[in-house]
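Asks: Structure of the sequence below:
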Amino acid sequence: MLVRRAVGDDVVGLMALMRRVVPLMRAAGNLQWGEDYPNAAVLEQDIALEQLWVAEVDGALAGLAAITMEQEPEYAQVGWDIEEPAVVVHRLAVDTAFRGAGVAGALMKQAEAVARAVGIGVLRVDTNTQNEATQRLFPKLGYVLAGEIGLSIRPGLRFLCYEKRLGD
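Replies: A predicted model of the protein is given here:
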């Protein structure tokens, strides 16, 4: 598996990946994403900011994650100091054909590598309360549940916040 920064040519393939992933999420009761989000403009902006990463398996796009330093203001509700620099994972998705192949774990490990490269020791991520796969994954990777919040950008939904502090 290769994890690399996304490029503009990836957007069409990533949107196809989203069209496979989102209906399954929604069918499982996870309404975090829909037709409107994430969209091509969001992915293109992530690429322009050099914060979108993809995982490839045998040349096929297997997953993606935006690895940013953008913290939602609502993170303060779980006691986090949102002024403290943190690497934050957003828009983590794995193509249905590659579930169980370690793609999400590889992308989360890339977030750790980014954090170390910029000298940040805190990683944060949030996930919809209906996303059971990430609720199993994050603790396995050393993330600790900090609490539950609502996000103004996704009204009516609840999100679980997880944090990992890197050792020296």
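Asks: can you map out the strands along this structure?
Replies: Applying DSSP state E to the chain gives strands spanning 2-5, 52-57, 60-68, 87-94, 122-128, 144-150, 158-165.
Asks: and the second one, what's its mean pLDDT?
Replies: Mean pLDDT, taken over the full extent of strand 52-57, equals 98.
Asks: re earlier: can you convert the strands of the chain into a markdown table and add a column each for mean neighbour count and distance to residue 42?
Replies: Using the backbone N, CA and C atoms, a C-beta is placed for each residue, glycine as well. Shown next, in a markdown table, are these (neighbours: other CB atoms under 10 Å; distance: least, CB to CB, whole Å):
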| stretch | mean neighbour count | distance to residue 42 |
| --- | --- | --- |
| strand 2-5 | 13 | 16 |
| strand 52-57 | 22 | 9 |
| strand 60-68 | 23 | 8 |
| strand 87-94 | 22 | 7 |
| strand 122-128 | 22 | 16 |
| strand 144-150 | 14 | 20 |
| strand 158-165 | 19 | 17 |
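Asks: Out of the ones you listed, which gets nearest to residue 32?
Replies: With distances scored as CB to CB, the stretch of the strands of the chain nearest to residue 32 is strand 122-128 (3.9 Å).
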